[in-house]
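1. have a look at this prediction, sequence included:
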Amino acid sequence: MGYIKEKFKVKADELNIEVKDLVKNHGTKKIEDVTLAQVYQGMRGITGLVTETSLLDANEGIRFRGYSIPELRDHLPKAPGGAEPLPEGLFYLMLIGELPTEADVQYLSSMWGRRSHVPNHVFDAIEALPITAHPMTMFNVGIMALQTESSFAHAYAEGMNKKDYWSYTYEDTMNLIARLPRIAAYVYRRKYKGGQHIQPNGMLDWAGNFAHMLGYSDEGFKELMRLYMVIHADHEGGNVSAHTTHLVGSALSDAYLSFAAGMNGLAGPLHGLANQEVIKWILQMREELGGGVPTKEQIEAYVRKTLSEGKVVPGYGHAVLRKTDPRFTAQMEFAKKHLPNDELVKIVWMVYEAVPPILQDLGKVKNPWPNVDAHSGALLVHYGLVEYEFYTVLFGVSRALGVLASLCWDRALGLSLERPKSVTTEWMKQFVEGKVDAIAE
């Protein structure tokens, strides 16, 4: 057993005792009331999950084990000569709950490198799809094909003790995270680069090697991938990809099945596909306005036109956040350092100035501020990754860090099968009219 796995076991045993004490002594304590509107409107704001890895505050933004994104950029280990945090360090923090040392990060980089071999049948499954298939479809097929390698599934079929569920889930998590960049890069090179694939470089870190396999040798792009993988890794447990991974995992589906389910959710236009929609909107605006960098007035007029047509401005608004997304800010700081004169980046910043006041004037938008998707596409285009359909795959590789660390905790804490109660609209009508009582606990 590796030392990180041993350390996780110690942390899990300690938290298990705390959780059992909380449930035993405070299990009947009510956390909040639930309104009829919340039930109909996506369960917004209902506290119904425990996710140890991160917590989203409406005004402060995301915190990973208590650390903000600026703090992560300061405190997490970096690649030699680099300035952005390594995703390995964030994974360690989410899994263990402590900031990693340089040695911890090097251990993870090395371990993921050793575990990164992808069986040929996974590539064969991807090749069986038409080249016209969406990259997320190819990516998910690859994940499902890789499920044949699940340690948890094999051990469960042979019969294993419940106390060992966490151990096999940990092994699946490490193997899957190690192999995802290879699968994602294979999809990219197959669909956009004529099937000319690039072998991994075992001397590089996880994100740096991903950039290499995609075909980008620019050190700036490697730094962008490190930052991108960190800021997209987790966003507490209620978002679609995280919740779906947890929900499917609660049925004791292995890490591959659970993560694939989460990726099907990420592929939706209201979740991960949004970053694709942002860059499409900006490019279309620039084209309609004659190219180059439009004026502030032109952008404002185009935004109002978009809204008047009953459309949304992609990249603006968030279900929870009530301020500019710190992940947007981190990308803006990266751009100011590495590509301050890029035209597309300048447009992103001008849109940032124009959109919030317009949305605020409508009086109906709780959060008129940009989210993470509003900036990422412009950075990728600058370095030559212009195939925006692929952006959600990048998001998916990153999101694996958070949702799979959470799945390890789900198993270690023995969390139950998730099965909320549902009612019909007829029942709701009778409840409102006082003809039926509230559902008994």
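-> Cool, got the structure.
2. which helix or strand in this protein has the lowest average pLDDT?
-> One helix or strand of the chain scores below all others by mean pLDDT, DSSP states H and E: helix 274-288, with a mean of 89.
3. from the contact counts, what lies against the following helix or strand past it?
-> Once helix 274-288 ends, the next helix or strand along the chain (criterion: DSSP states H and E) is helix 296-308. Judged by 3 or more Cβ pairs under 8 Å, 6 or more residues apart in numbering; DSSP states H and E, the packing partners of helix 296-308 are helix 274-288, helix 343-362. The way it works is simple: take the backbone N, C-alpha and C, and place the C-beta from them, glycine included.
4. and the first one, how far out from the chain's middle?
-> To tie it back to what came earlier, the one meant is helix 274-288. Averaging C-alpha positions (Cα atoms, centre = their mean, to the nearest Å) puts helix 274-288 22 Å from its chain's average.
5. what comes up buried for that helix?
-> Buried positions in helix 274-288, judged by neighbour count with 16 or more other Cβ atoms under 10 Å: 274, 275, 276, 277, 278, 279, 281, 282, 283, 285, 286.
6. any idea of the mean pLDDT for stretch 161-181?
-> Averaging pLDDT along stretch 161-181 yields 98.
7. hey, C-alpha coordinates of that stretch in PDB?
-> Provided in PDB are the C-alpha atoms of stretch 161-181 (Å, rounded to 0.1, in the frame of the first residue of the first chain):
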ATOM      1  CA  ASN A 161     -15.800  -7.300   2.600                       C
ATOM      2  CA  LYS A 162     -17.600  -3.900   2.800                       C
ATOM      3  CA  LYS A 163     -14.600  -2.500   4.700                       C
ATOM      4  CA  ASP A 164     -12.500  -2.900   1.600                       C
ATOM      5  CA  TYR A 165     -14.800  -1.000  -0.800                       C
ATOM      6  CA  TRP A 166     -12.700   2.200  -0.300                       C
ATOM      7  CA  SER A 167      -9.400   0.400  -1.100                       C
ATOM      8  CA  TYR A 168     -10.500  -0.900  -4.500                       C
ATOM      9  CA  THR A 169     -12.200   2.500  -5.300                       C
ATOM     10  CA  TYR A 170      -8.900   4.200  -4.500                       C
ATOM     11  CA  GLU A 171      -7.100   1.900  -7.000                       C
ATOM     12  CA  ASP A 172      -9.700   2.500  -9.700                       C
ATOM     13  CA  THR A 173      -9.500   6.300  -9.100                       C
ATOM     14  CA  MET A 174      -5.800   6.400  -9.400                       C
ATOM     15  CA  ASN A 175      -5.800   4.200 -12.600                       C
ATOM     16  CA  LEU A 176      -8.600   6.200 -14.200                       C
ATOM     17  CA  ILE A 177      -7.100   9.600 -13.500                       C
ATOM     18  CA  ALA A 178      -3.800   8.400 -14.900                       C
ATOM     19  CA  ARG A 179      -5.300   7.200 -18.100                       C
ATOM     20  CA  LEU A 180      -7.800  10.000 -18.900                       C
ATOM     21  CA  PRO A 181      -5.300  12.300 -20.500                       C
END
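8. pull the most distant pair out of the buried residues of helix 274-288.
-> The largest separation in the buried residues of helix 274-288, counting by Cβ to Cβ, is between 274 and 286 at 19.0 Å.
9. quick one: contacts for residue 370?
-> Residues in contact with residue 370 (Cβ atoms under 8 Å, 6 or more residues apart in numbering) are 315, 316, 324, 325, 328, 352, 355, 356.
10. quick check: the gap between residue 258 and residue 346.
-> Between residue 258 and residue 346 the computed distance is 41 Å (Cβ to Cβ, to the nearest Å).
11. out of these two, name the residue with the larger neighbour count.
-> More neighbours surround residue 258 than the other of residue 258 and residue 346, with 27 against 16 (other Cβ atoms under 10 Å).
12. so which helix or strand takes in the more buried one?
-> Assigned by DSSP H and E, residue 258 falls within helix 255-266.
13. count of neighbours near residue 10?
-> Counted with other Cβ under 10 Å, the neighbours of residue 10 add up to 10.
14. quick check: residue 173 vs residue 254, distance?
-> Remark: distance between residue 173 and residue 254 (Cβ to Cβ) = 10 Å.
15. most neighbours among the contacts of residue 370, which one?
-> Most neighbours among the contacts of residue 370, by other Cβ under 10 Å: residue 315, with 27 neighbours.
16. now for the nearest residue to that residue once chain neighbours are set aside: which residues touch it?
-> Nearest non-adjacent residue to residue 315, counting by Cβ to Cβ, 6 or more residues apart in numbering: residue 374, 3.1 Å away. By Cβ under 8 Å, 6+ apart, the residues touching residue 374 are 278, 314, 315, 316, 325, 328, 348, 351, 352.
17. hmm, back to that, just put the buried residues of helix 274-288 in TSV and tack on distance to residue 250.
-> Below are those laid out as TSV (distance: Cβ to Cβ, whole Å):
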residue	distance to residue 250
274	26
275	28
276	30
277	31
278	32
279	35
281	37
282	39
283	41
285	43
286	45
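18. return the member of those residues nearest to residue 19.
-> Nearest to residue 19 among the buried residues of helix 274-288: residue 274, at 34.4 Å, using Cβ to Cβ.
19. my guess is the closest one contacts residue 316, does it?
-> No - if you go by Cβ atoms under 8 Å, residue 274 and residue 316 don't touch, sitting 10.1 Å apart.
20. overlap in contacts of these two?
-> Common contacts of residue 274 and residue 316 (Cβ under 8 Å, 6+ apart): residue 371.
21. returning to that earlier point: would you list the phi and psi of the residue nearest to residue 315?
-> With angles defined as degrees, to the nearest 10, residue 374 sits at phi -70, psi -20.
22. and the lengthiest helix in the chain, how far out from the chain's middle?
-> Determined from DSSP state H, the single longest helix within the chain is helix 165-192. Centroid separation for helix 165-192 versus its chain: 14 Å, with Cα atoms, centre = their mean.
23. now for it, which elements pack on it?
-> helix 3-26, helix 102-114, helix 120-127, helix 135-146, helix 151-158, helix 206-214, helix 255-266, helix 391-412.
24. could you dump these to TSV with mean pLDDT and distance to residue 196?
-> TSV is the format used below for the helices and strands packed on helix 165-192 (pLDDT from 0 to 100; distance: least, Cβ to Cβ, whole Å):
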stretch	mean pLDDT	distance to residue 196
helix 3-26	95	36
helix 102-114	97	22
helix 120-127	98	14
helix 135-146	98	16
helix 151-158	98	33
helix 206-214	98	12
helix 255-266	98	25
helix 391-412	97	18
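25. dump those helices to CSV, plus distance to residue 342.
-> Shown next, in CSV, are the helices and strands packed on helix 165-192 (distance: least, Cβ to Cβ, whole Å):
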stretch, distance to residue 342
helix 3-26, 39
helix 102-114, 30
helix 120-127, 33
helix 135-146, 24
helix 151-158, 45
helix 206-214, 18
helix 255-266, 27
helix 391-412, 17
